[in-house]
Each structure stands twice: as C-alpha cells, then as structure tokens.
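# structure, please.
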Amino acid sequence: MPTPLRFGVFGTGQWSNHSHIPGAKANEHVEFAGAIGRHDDFDEFLSRVDAVGFAVPPEVQSALALRAIRTGKHVLMEKPIALDVADAELLAATAREAGVASIVFYTKRFLPTVSAWLDSLTATGGWSYGRVEMISPWLASAASPGWRGERGGLWDLGPHAYSLLQPVLGPARRVSASRDANGLVVVTLGHDRGTGVITVTLGAAEGSGGDHTLFTGAHGRQQNPALDAETGRADAAYSRAIDALVAQLDEPGHPCDLQFGAETVRVLDAAERSIASGRTIDL
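Numbering: from 1, shown residues only. The predicted model follows:
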C-alpha cells in the first residue's frame, strides 16, 4: 500500500479545534502529523509533513502558504486565501508551477447535501439568476473581531457565497456593490450565464442570522433555505476537503483549488473598488 500523506495543521485556535484537527485525525487517507501554533518553528514543521492545512488569519496564511508551496508541500487553505489580489495570484501561480495539490476550504462546498444540490443544478443547467444571503450576528458576540471586524462580511462570508453561485452561473465578469452604515454589503454580479446577488453581514442583531440560496431560470425555482443546517459537521466537511486534496495526487485540479481561490479574491477586491467608486467594475 502507498504511504499515507503526512498532513499537519498550522493553527490551534477555536476553528481549528472545531474542524481542522478533528477532521484531519478522522481522515483515513492521511497520517495526522500534528498541529502547531503561530509561535512554533514553521520550517521544522514543514520538514515533518507532506501537506499543510492552515487555520490562521489570511494575512498570516498567505505568506506561510507561499513558503510551504515553494518547498513542494500540498496546501489546504482557508478562505480568503489572501487579502490582496497580487498575493492571491502569486499563490495560485506558484502552486501551478510547483505542481502541488491545493484546496481552499469553502466549508459549504464540502457538505454532502449542498454539494449534491449544486451538482444537480449544474447538470440541469438553464439557471439565469442566483441569490445568496448570509446574515450573521457574529460581531455582536465576538470578543476579538480581528481581521473579520476590519474587513466585515464581504471578506468573511462573501467567499462562501460566491462559491455557491459560481458553479451554477459561471465566473463573474462584472461587479457592482454597496455597503450600508451597518456593514451590510450587497453585491450584484454579471456572470457568464446570468446574474448573481450576494447579501452579507456580520453585524446582524442576535437571533436574526441565517443563510439562504435561491436559483431561478428555465426550470423554475430551486432554493436551499437551510444551508446552515450542517454547520455542526464542519469537521466532516474538512475531512472531505482533505479527500479532495489527496485525490489530486492522481488527478490534478479541483473546482475549489487555489486558482478558484484567486478568482474569489479578484471578485472581493472588485466589490471593494465598486463600493469606493460607486461604479461597476469589469473583471
């Protein structure tokens, strides 16, 4: 039997302990090599693993992931992969040139019911409009908002929302966005095959959160009003993301790889530029 991939996690915070570490420990296709925190020796850690999962803020993740890729390590990254388009594109280009496997953990894309629903919609085709709403009261209870407090729902929830629209409607080519005084962001996207709308906020009132996705088109209306129903299984979703990473060793490429991660950052950056200018941004 082939030697299992040695998989380690960089990051030991709450999210890592909820999803990354238990997901990696439970996965049958990798050997879990342990987790380290931000003050441990990253280079020594790299010497002990074949693949790295990241559970740290994006500004920390992007620089360290680049180091990992340049040493030939496969990477499983958090979204967004970076907070700057140039950094995101460098990660994607370096991974492609190095020939390493990559996955971005768009959590909902690795939930079985959601992925099956999207596969069904994509196979059917004919959808011309999609809407994703992700309304969260996260800021109301966050003890230390960190980068999410600075960047808001667009950068935290926006990647998840875009990852649900893009498989069905295709890549976004035009972006128009607005942000209100309470931090609610509405993004209208001109996709290859229709129009998408994303509405996100981290500043909702307690008890008012929830996710909702809708598609309409030639076949009528399809909606998944309970995308948050499986969020308690984030560890299982992470294990499925590891499976996708391992599968690339035999069959390169995946819809949620770093190329898509860079595409997502370009969309988020365009939304920010649209908010600042009041204009539609072409991609």
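# ok, which stretches of this protein are helices?
Read by DSSP state H, the chain holds these helices, from start to end of the chain: 14-15, 21-26, 42-46, 58-70, 85-98, 112-124, 138-141, 146-156, 158-169, 234-247, 258-277.
# now do residue 141, the pLDDT please.
For residue 141, the model assigns a pLDDT of 79.
# one more: the one 5 residues further on?
Taken from the predicted model, the pLDDT recorded for residue 146 is 90.
# pretty sure residue 283 contacts residue 175?
Yes - using CB atoms under 8 Å, residue 283 is in contact with residue 175, at 6.6 Å. Where you see a C-beta, it was placed from the backbone N, CA and C, and this is true even at glycine.
# which neighbours do these two have in common?
267, 270 (CB atoms under 8 Å, 6 or more residues apart in numbering).
# compare these two (neighbour count), which wins?
residue 175 (26 against 14; other CB atoms under 10 Å).
# so what's that one closest to, chain neighbours aside?
Distance criterion CB to CB, 6 or more residues apart in numbering; nearest residue to residue 175, sequence neighbours excluded, is residue 270 at 3.9 Å.
# could you report the neighbour count for the one you found?
Residue 270, neighbours per other CB under 10 Å, totals 22.
# pretty sure it is touching residue 283, no?
Yes - taking contacts as CB under 8 Å, residue 270 lies within contact range of residue 283: 5.8 Å.
# overlap in contacts, these two.
Common contacts of residue 270 and residue 283 (CB under 8 Å, 6+ apart): 172, 175.
# contacts for the helix or strand of the chain with the lowest mean pLDDT next, please.
Least confident element among the helices and strands of the chain, by mean pLDDT, DSSP states H and E: helix 138-141 (a mean of 85). With contact meaning CB under 8 Å, 6+ apart, helix 138-141 is reached by 145, 148, 149, 156, 183, 202, 203, 204, 205, 206, 209.
# would you mark the buried spots in it?
The neighbour-count check on helix 138-141 (16 or more other CB atoms under 10 Å) flags 138, 139 as buried.
# start at 5, not 1
Understood, numbering begins at 5; the last thing we discussed is helix 142-145.
# how far does it sit from its chain's centre?
Computed by CA atoms, centre = their mean, to the nearest Å, the chain-centroid distance of helix 142-145 equals 21 Å.
# what do you get for stretch 173-184?
Relative to its parent chain, stretch 173-184 has a centroid offset of 17 Å by CA atoms, centre = their mean.
# so what touches it?
Contacts of stretch 173-184 (CB under 8 Å, 6+ apart): 131-132, 134, 156, 158, 166, 169-170, 189-200, 267, 271, 274-276, 278-279, 283-287.
# please indicate which of the contacts of helix 142-145 are buried?
Applying 16+ other CB under 10 Å to the contacts of helix 142-145 flags 152, 160, 187, 206, 207, 208, 213 as buried.
# closest one to residue 104 out of the residues you listed, please.
Set against residue 104, the nearest of these by CB to CB is residue 160 (26.2 Å).
# ok, back up a step: show me which of the contacts of helix 142-145 is closest to residue 101.
Distance ranking of these against residue 101, using CB to CB, places residue 160 first at 29.5 Å.
# roughly how far apart are that closest one and residue 226?
26 Å (CB to CB, to the nearest Å).
# now do the contacts for residue 139.
203, 204, 205, 208, 212, 213, 214, 215.
# quick one, which of those residues are buried?
Applying 16+ other CB under 10 Å to those flags 203, 204, 205, 208, 213, 215 as buried.
# just the ones of those residues in strands?
The strands, defined by DSSP state E, take in 203, 204, 205, 215 from these.
# what residues are up against residue 130?
Contacts of residue 130 (CB under 8 Å, 6+ apart): 221, 222, 223.
# would you mind measuring from it to residue 173?
For residue 130 relative to residue 173 (CB to CB), the value is 11 Å.
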